[in-house]
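> I would like to see how this sequence folds:
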Amino acid sequence: MKTSKESHKKKIILSYTLAIVVPCIILGLLAFRGIRNDQALMEKEQLRVLNEIAGNIITKTVAKLDSLETGFINISEELNPPNQLIFSDSVLDTYIKEEKVISGIFFAENNQVKLLDSDILFLPDNYFGASGQSDQYNQIRETGWNYEFRERNYVKAVEYFKNKLSVINDKTFQGEVINIIARNLKKQNKHGEALELYDQIYKEYPDIYIQNEIPLGLVSLQESAKIRFMQGDAAEALKIVNSLLKNLDESHWKISKSYFFNSISEIRNINSEADTVNAEIKKWIDNNDSILNSIVIKEKYTDDLLSFQEKADILTMSKNVSTFPSYRYRYLTNGNTNLVALMKKSENQYWGIIYNQEELLSGTVVPLLKSHASKTKFDWEVRNIQGEILINSGAVPENNVSTNISFPASLPPWSFVLYPGQKSILASFLQTGEGVFFYIFILIVVILSLGLIFILNSVSNELRLSKMKSNFITTVSHEFKSPLASIRQMAEMLEQNRVPTNERKQKYYQGIVQQSERLTHLIENILNFSKMEAKQREFRFQTNNILPVIEDVVLSFNNFMAVKGFNIEFRKLSPIPEFSFDKEAMEQVIHNLLDNACKYSGESKKVEVFTEEKKGEVVIGIKDYGIGIKKEDRDKIFSRFYRVGDELTQTVKGSGIGLTIVKQIVNAHYGRVLLESEPGKGSTFYVVLPLKFE
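A predicted model of the protein is given here:
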């Protein structure tokens, strides 16, 4: 039986697969191919738009630089050619501070590059010439040098230079001599006297250069910091270092590259050796580190400018300016590619601009990208010539289509990588004019899903109904077998004269009648159910009193169930007027409900039947104190063949159609069946019938 059901189920599913699933899959694949074609066309259009955006950004960036260069040409026409390799000019200083995208300005003449002094930290080592002091001062310096370095007689050196101070009229040499005296006092560990002299130097000679390249202000601060640190006053030493760093960061002095880096190295030593436990010392260390970080950035800037000054082949590039107001090109210095613009002033004379590429990126290119991205919705990256990401939109998709656009030679060696905005497949195809195949695909999926759900539901219902019918046949067979066996047994005993007394015979006759009535009722239930299912049962409505009908059924049940200890009590709570109903049908309703109450009474043997009239309706109640019905089963018990799947109920014999018949008969009388139940405490069925109906 089970194999037959499974085979039937498989046949239905196979038919569904061949008739619906396979064609839908084929159509779905074709629709999906159409979707992919639509996506490809859409991606192509997106890339075209992104290429236009990239071109627009590049055009605007070039236009900005063209405008800057035109403005600079107008300014430079009023300027005279500088006469120093590192020169100053107030007009250009103001201009370069206003235009942050310009990091340097230079003047080229006969292939020699002269740089504008704008935040340059140091100068080339060979930039400074000889001091040019008199032979008298050189003789004094030589004699003192012998005392200090050959004889190492620091006391004599101090005495000698102090005596010579009175005959020195040159302020530069005065500052140098005081510095020598302080140095020799320091070597004698006379730190207090040395500090006084260094303080004097910083106040009176801060901008005096010894040997034409070393500022005394820098020397005095550096030596004062060392002495304070040796004395154990780290906080004061770091405070002096802070003042020194500020002067270096602001390019207060022009010093050689080697001396600059020696000074920075000694400053870092003091800063790193200080004890960070003390809060004040920690504060000064942090302040100094912050300035050092700023200096590191300017170091690179200065180094790049000086490398450009040393290596730039301006004559080679200048021939490109012959037909243009300016020529913009890239040059390589210190391993980095920089952007330069060259503008002709006269024959073999050119003004030039060195661009700040970081500012050009952050101040011009990125804002343009963000502006377009907010409207068109795309992700982006800017990469350098090595392919490294300089900056991106933050959420760049992986393994997605993109367009790569390189910058022209008149801009830095960057490239755009633009990614179309990621959209859900639904959002992509809901655009106007798009997604015909997508809708077809969705429709196929919906039809397929609904068909599958319908088939599976139908198969499940059919199998469930088949199982219920099978259980019904089995149960009914047992229901018939029991009374037939009793009738046969009692009839055989009567036939064979094995019943000794008339009283005993009478009981057997009654038993045969009762079992016959039981069989009759079972047969009537089945026949009536069959007629109701086929919509063929006819009801004969007549005006009668329903109380005698109920009393007869209750009396019959009391007689039949007395042997099992049942007591069925009938109470009339209020008078019931006559009304129209089918007598046989209502007998069957009361019988089925009482039969149900007795079967599921559990250990209780008490059943109550009561009637009353309420608001133009007759209420018939059958109450038991048995096992009750769970909430989830209350609506299902009126379904045909349904039996509660509980261990207590499965042991009770029943056909599963009794309550179904009750429901159908009551509905035919325009009434309703109500149920109150609590597991373990019993159930009450209410049959509510109208006194009048049309």
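> so where's the stretch 451-600 of the chain uncertain?
451-452, 454-483, 485-486, 489, 508, 510-511, 514-515, 517-519, 521-537 (pLDDT under 70).
> Let me see the ranges of the helices in it.
502-533, 546-561, 583-599 (DSSP state H, counting those that start in this stretch).
> what kind of secondary structure is the closest residue to Ile353 other than its chain neighbours in?
Distance criterion Cβ to Cβ, 6 or more residues apart in numbering; nearest residue to Ile353, sequence neighbours excluded, is Ala341 at 4.4 Å. Placement of C-beta: from N, CA and C, glycine included. Three-state assignment for Ala341 (DSSP: H, G, I helix; E, B strand; the rest coil): strand.
> Ala341 and Leu360 touch, don't they?
No: using Cβ atoms under 8 Å, Ala341 is not in contact with Leu360; the gap is 11.9 Å.
> shared neighbours, the two?
Leu65 (Cβ atoms under 8 Å, 6 or more residues apart in numbering).
> re the thing from before, contacting residues around the residue nearest to Ile353?
Leu65, Glu69, Phe72, Ser326, Tyr327, Arg328, Tyr329, Gly352, Ile353, Tyr355.
> Just the pLDDT at it, thanks.
Listed pLDDT for Ala341 reads 90.
> cool, Tyr670 as well?
What the model reports as pLDDT for Tyr670 is 89.
> What sits closest to it if chain neighbours are left out?
Phe693 (4.3 Å).
> I figured Leu123 hits Ser258, correct?
No: the pair Leu123 / Ser258 is not scored as a contact, 10.5 Å apart, by Cβ under 8 Å.
> quick one: the residue nearest the centre of the chain from Lys377, how far?
Nearest residue to the geometric centre of the chain (Cα atoms, centre = their mean): Ala395, 10.9 Å. In this view, Ala395 and Lys377 are 12 Å apart by Cβ to Cβ, to the nearest Å.
> same check, this time on Pro413
Pro413 is 28 Å from Lys377, by Cβ to Cβ.
> the more surrounded of these two?
Pro413 (18 against 12; other Cβ atoms under 10 Å).
> pLDDT value on the more buried one, please?
In this model, Pro413 carries a pLDDT of 92.
> so what pLDDT did the residue lying closest to it once chain neighbours are set aside get?
Excluding the flanking residues, the one nearest Pro413 by Cβ to Cβ, 6+ apart is Ile385, at 4.0 Å. If you check Ile385, the pLDDT there is 87.
> cool, and Gln650?
46.
> domain ranges for the chain?
The chain breaks down by automatic domain parsing into domains covering 19-119+320-422, 135-300, 539-690.
> and these as TSV, adding distance to Leu494?
Listed next are the domains of the chain as TSV, based on distance: least, Cβ to Cβ, whole Å:
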stretch	distance to Leu494
domain 19-119+320-422	65
domain 135-300	118
domain 539-690	19
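> Tell me which of those approaches Glu495 most closely.
Nearest of the domains of the chain to Glu495, taken as Cβ to Cβ: domain 539-690 at 23.5 Å.
> okay, how far is it across the closest one, tip to tip?
Domain 539-690 has an end-to-end distance of 16 Å (criterion: Cα to Cα, to the nearest Å).
> likewise stretch 227-243?
Start-to-end, stretch 227-243 (Cα to Cα) is 15 Å.
> Show residues contacting it.
186, 191, 194-195, 198, 221, 224-226, 267, 270-271, 273-275, 278, 280-281, 284-285, 287-288, 291.
> In helices, which of those fall?
Cross-referencing the contacts of stretch 227-243 against helices under DSSP state H gives 186, 191, 194-195, 198, 221, 224-226, 267, 270-271, 273, 280-281, 284-285, 287-288, 291.
> which ones are touching the nearest residue to Ser88 once chain neighbours are set aside?
In this structure, Ser88 finds its nearest non-sequential neighbour in Asp117, 5.0 Å apart by Cβ to Cβ, 6+ apart. Under the criterion of Cβ under 8 Å, 6+ apart, the contact list for Asp117 reads Ile86, Phe87, Ser88, Ser251, Lys254.
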